[in-house]
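Peer 1: got a predicted model here, sequence first, then my questions.
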Amino acid sequence: MKQRLIVVALLLGLFAMLALGLRKDPHEIPSPFIGKTAPDFRRPLLTDPQRSFSPADLKGQVWLLNVWASWCSACREEHPALLELSRRRVLPVVGLDYKDETAAAKEWLQQQGNPYGTVVVDPDGKVGIDWGVYGVPETFLIDRQGIVRYKHTGPLTADVLETRLLPLIAELNKP
Amino acid sequence: MIPELGLLALIAAFWTALAQGVLPLLGVRRQRPEWIALARPACALQTLFTVIAFACLTWAFIADDFSVAYVTRHSHDALPLIYKIGAVWGGHEGSLLLWVLELAGWSLALAVVSARHSPRRIALPAALAARVLGVLGLLSAGFTAFILLTSNPFLRLLPAAESGRDLNPLLQDPGLVFHPPMLYMGYVGFAVAYAFAMAVLMDEDSRSPSLQQAWADWARPWTLAAWLFLTLGIGLGAWWAYNELGWGGWWFWDPVENASFMPWLAGTALLHSLAATNKRGQFPRWSLFLAIVCFSLSLLGTFLVRSGILSSVHAFATDPKRGIFILGFLATVIGSSTLLFLARAPRNEEDAKPVALLSREAMLLLNNLLLLAACASVLLGTLYPLALDVLGIGKISVGPPYFNAVFVPLILPICLLMGPGFLARWGHNEAARLLRQLTLPLGLCLPAALLLPLAWSSWHLGASLGLFAALWIAATHLQQIILRLSQGQRPGRPWWGMQLAHLGLALCVAGITVVKTYETEDDIKLVPGQFVQVGGLPLHFLGVSAVDGPNYQAQRGDFLLGEQRRIQPEKRQYPSSAMPMTEAAIDSTPLRDIYVSLGEAVGDDGAWTLRVYYKPLIGWLWAGALCMALGALLAASGGRRKP
């Protein structure tokens, strides 16, 4: 009898764990950058290679860095969410065009719509390495002091936008 | 029209599977022969409907019907025909349909074989056969319901897409076309052993020793066949990863790989335990238990893969609804069979027979315990990150260091046991004979294992240990072959099959040991005209040129290995998915592979970064897996005499 109880309890434990595990997202990986100063860089803009952008330019503002590429199919998936975010004008959205061709990237933005105020190019992926990017798309939220406060790996969804990003942005934007 | 026909057939398959499941089981209980007799025709009908459904989906792929959402997601009109067919199971919905198809195939095979009376086997009573088919019918119904409710592959996309998003280029390899079907044949095949175990437990006479011995006889060929496919599936997967991914690796202890490896380990234990139950009536409870464990692990594997609960290189889209359904199914199957087992399995106290310490059954038991411990360690490593995440302790991943540290010390004693285990006789305790016969192999293997590593770059203890295990298996088994033949004995096919499978394991152990110890990996930059030394041969870089494939453009590197071997790795660009793919080029000999993959072009002088691997004895792995599978085939094909 005792043996049966143990077996049943063990099985129940296993199923409970699996059921709870279903509610977790394995792709959500904590970034060691959260709470740290955002890595610095200076890179040319996609539209105008003469000009360049650096995170220092946005010091004092809450801003968003979205890593994308024209070859990335998941970026297509998150594009509506990004367009929606940019339409709300709650913060500057910077795109980091990761390991991409300039012409392809420009064409892609023309077709899909451009949610970015600024697009910086990272053709050799060096900025991506500094920021710990391991898959495209990835999205970082940086506060006024230039500290990374949130990172999302994989495509943004309307759900992530409403429940995570926007509340956090509102909080960080409070005076 | 055809996709709707497929859906209709699938719905019909569900209802016939349900009939196949419910009526015969009730019929046996209520003694209604006409219900019992329904098992076979229902099974045949269900198989027919499933085949129609699968054929309709295949047709939608071949005919480029992009009004079917699933086809749009996984195919493209420029895809070569063979990959269009492979793409049928390139995604979640289709692979489940393949699963159901194979389950139907196994059920039908069982229905046909069990109807024939073979003089070499104990006849399978009609009631028991009906129960086995009934259990299989319930499993089919469960999986078909899963497809219909959460993963319908025939959903239309209106308006139709112009073309598809293409099959993931990684999956465009002959390896993919065969890897999942083989693997599933293994997973699903264990359902037959499971159904036998369930039918035995449902039997009014479930504790009778003669029934225990008989079911082991019936289930053994089916288990062997499932194990054969699983072995081939895992082998093909490793081979495919090695050839296609371009990282030179073949096993990553990834959750999905573990999901296939756990049933393999449990299945190996089951095979050996069934042998003891069949021949000696030993460990009846243990065999039933293993049959349940083995199939439960197959289902758990399906759950882990299909729910996206664990992060894996084999990741599919996460859909919580699917996860809940499979989890419910898993809980029902494992829960009901565990309860049935606890209530009806033969008790240890009643029929435990004394086991002599150095008898074959003792060795088999030890082998079983070690295999199950290895299996449990893999399970622990696979589920541990999930447990921590659920408890909110943190996100971790468990990687090769854990698995290598835990797994190797458990597998090594298994290999060492195979020598004496194979020599020992059933029910006899013959220390003197064992010692006498093992002296010669030991005397040969020990110095050989100590010296052999010197054939490669340097001496390592680990290499010596691994090679000793491999040589030990080979020597003890070859000794037995020579002994038996010189005594004029004519062992049957099962005996030869076992020999071959064990020697296959020896090949694998030798291959893994040497490649893990002595492989080299170099990242280098070469300008055309330069060369690099690899595995004692010069590798000349001649240049890179552009070539066009059927549905991609490629940069093809040209290398000369040694005097005249040409090696041409490629970097392919598939227009539909924009991600570049590396096609490694491999020069193979029995003793080593030289493996080159292209990196990036750097600078203006035609220089490229390259990754060059030297992989000694890697081919032995593939040969070993093949020998194991052939051994299983040989063993399954030969009948046992009535005990």
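Peer 2: Nice, I can see it.
Peer 1: ok, which stretches of chain A are helices?
Peer 2: A:2-22, A:73-88, A:102-112, A:126-130, A:158-160, A:166-173 (DSSP state H).
Peer 1: same deal with the stretch 501-643 of chain B?
Peer 2: Counting by DSSP state H, counting those that start in this stretch, the stretch 501-643 of chain B has helices at residues B:618-637.
Peer 1: equivalent analysis for the stretch 201-350 of chain B, please.
Peer 2: Going by DSSP H, counting those that start in this stretch, the stretch 201-350 of chain B shows helices at B:209-244, B:255-280, B:284-307, B:320-344, B:348-351.
Peer 1: nearest to B:Ala635, out of those helices?
Peer 2: Across these, B:Ala635 has its closest neighbour in helix B:209-244 (5.4 Å, C-beta to C-beta). C-beta coordinates here come from the backbone N, C-alpha and C atoms, glycine included.
Peer 1: so what's the model's average confidence on the closest one?
Peer 2: The pLDDT scores in helix B:209-244 average 91.
Peer 1: roughly how far is that helix from the heart of the chain?
Peer 2: Using C-alpha atoms, centre = their mean, to the nearest Å, the distance from the centre of helix B:209-244 to the centre of the chain it belongs to is 8 Å.
Peer 1: could I get the buried residue list for that helix?
Peer 2: B:211-244 (16 or more other C-beta atoms under 10 Å in any protein chain shown).
Peer 1: does anything pack onto it? Which helices or strands?
Peer 2: On a contact count with 3 or more C-beta pairs under 8 Å, 6 or more residues apart in numbering or on different chains; DSSP states H and E, helix B:209-244 meets helix B:174-202, helix B:255-280, helix B:284-307, helix B:618-637.
Peer 1: so is the first one next to chain A?
Peer 2: No: shown here: helix B:174-202 not in contact with chain A (C-beta under 8 Å from any C-beta of the partner chain), separated by at least 14.8 Å.
Peer 1: quick one, phi/psi of the residue in chain A that chain B sits nearest to?
Peer 2: In chain A, the residue that lies nearest chain B is A:Trp71 (3.3 Å; C-beta to the nearest C-beta). With angles defined as degrees, to the nearest 10, A:Trp71 sits at phi -90, psi 0.
Peer 1: that one contacts A:Ala104, correct?
Peer 2: Yes: look at A:Trp71 against A:Ala104 with C-beta atoms under 8 Å: they come within range, at 7.3 Å.
Peer 1: can you tell me the centre-most residue of chain A?
Peer 2: A:Thr139 (1.1 Å; C-alpha atoms, centre = their mean).
Peer 1: residue contacts, that residue?
Peer 2: Residues near A:Thr139 by C-beta atoms under 8 Å, 6 or more residues apart in numbering or on different chains: A:64-67, A:151-152, A:156, A:165.
Peer 1: look up the pLDDT of it for me, please.
Peer 2: Value for A:Thr139, per-residue pLDDT: 90.
Peer 1: the closest residue to it other than its chain neighbours: how many residues sit nearby?
Peer 2: Sequence neighbours aside, A:His152 is the residue nearest to A:Thr139 in space, at 4.4 Å (criterion: C-beta to C-beta, 6 or more residues apart in numbering or on different chains). Applying other C-beta atoms under 10 Å in any protein chain shown, we find 22 residues neighbouring A:His152.
Peer 1: repeat that for B:Ser336.
Peer 2: Neighbours of B:Ser336 using other C-beta under 10 Å come to 12.
Peer 1: look up the pLDDT of it for me, please.
Peer 2: The model's pLDDT for B:Ser336 equals 93.
Peer 1: quick one: contacts for residue 151?
Peer 2: Defaulting to chain A. A:Lys151 neighbours (C-beta under 8 Å, 6+ apart): A:31, A:33-34, A:138-141.
Peer 1: can you look at chain B instead?
Peer 2: B:Ser151 is in contact with B:92-93, B:96, B:322, counting by C-beta under 8 Å, 6+ apart.
Peer 1: what does B:Glu93 give?
Peer 2: B:70, B:147, B:151-153.
Peer 1: just flag the most distant two among the residues you listed.
Peer 2: B:Tyr70 and B:Ile147 (11.2 Å).
Peer 1: neighbour count winner among these two?
Peer 2: Ranked by neighbour count (other C-beta under 10 Å), B:Tyr70 and B:Ile147 place B:Tyr70 first, with 28 against 23.
Peer 1: who's in contact with the closest residue to the more buried one other than its chain neighbours?
Peer 2: The shortest distance from B:Tyr70 to any non-neighbouring residue, by C-beta to C-beta, 6+ apart, is to B:Pro153 (4.4 Å). By C-beta under 8 Å, 6+ apart, B:Pro153 lies in contact with B:6, B:57, B:68, B:70, B:93-94, B:96-97, B:147.
Peer 1: so of the residues you listed, which two are at opposite extremes in space?
Peer 2: It's B:Val68 and B:Leu96 that sit farthest apart of those, by C-beta to C-beta, at 15.6 Å.
Peer 1: from the middle of its chain, how far away would stretch B:615-628 be?
Peer 2: Centre to centre, stretch against its chain (C-alpha atoms, centre = their mean), the figure for stretch B:615-628 is 16 Å.
Peer 1: swap in stretch A:63-72?
Peer 2: On C-alpha atoms, centre = their mean, the centre of stretch A:63-72 falls 8 Å from that of its chain.
Peer 1: with stretch B:78-86 instead?
Peer 2: 24 Å.
Peer 1: which residue, other than its chain neighbours, is closest to the residue most central in space within chain B?
Peer 2: By C-alpha atoms, centre = their mean, chain B has its centre lying nearest to B:Leu230, at 2.8 Å. Distance criterion C-beta to C-beta, 6+ apart; nearest residue to B:Leu230, sequence neighbours excluded, is B:Gly186 at 2.5 Å.
Peer 1: Provide a list of residues in contact with the one you found.
Peer 2: Contacts of B:Gly186 (C-beta under 8 Å, 6+ apart): B:226-234, B:260, B:263-264, B:267, B:298.
Peer 1: now it: how far from B:Ala199?
Peer 2: Distance of B:Gly186 to B:Ala199, computed by C-beta to C-beta, to the nearest Å: 21 Å.
Peer 1: kindly report the same for B:Phe49.
Peer 2: 24 Å.
Peer 1: between the two, which is the more surrounded one?
Peer 2: Higher neighbour count among B:Phe49 and B:Ala199: B:Ala199, with 27 against 22, using other C-beta under 10 Å.
Peer 1: if I read this right, the more buried one contacts B:Val135, doesn't it?
Peer 2: Yes: look at B:Ala199 against B:Val135 with C-beta under 8 Å: they come within range, at 6.3 Å.
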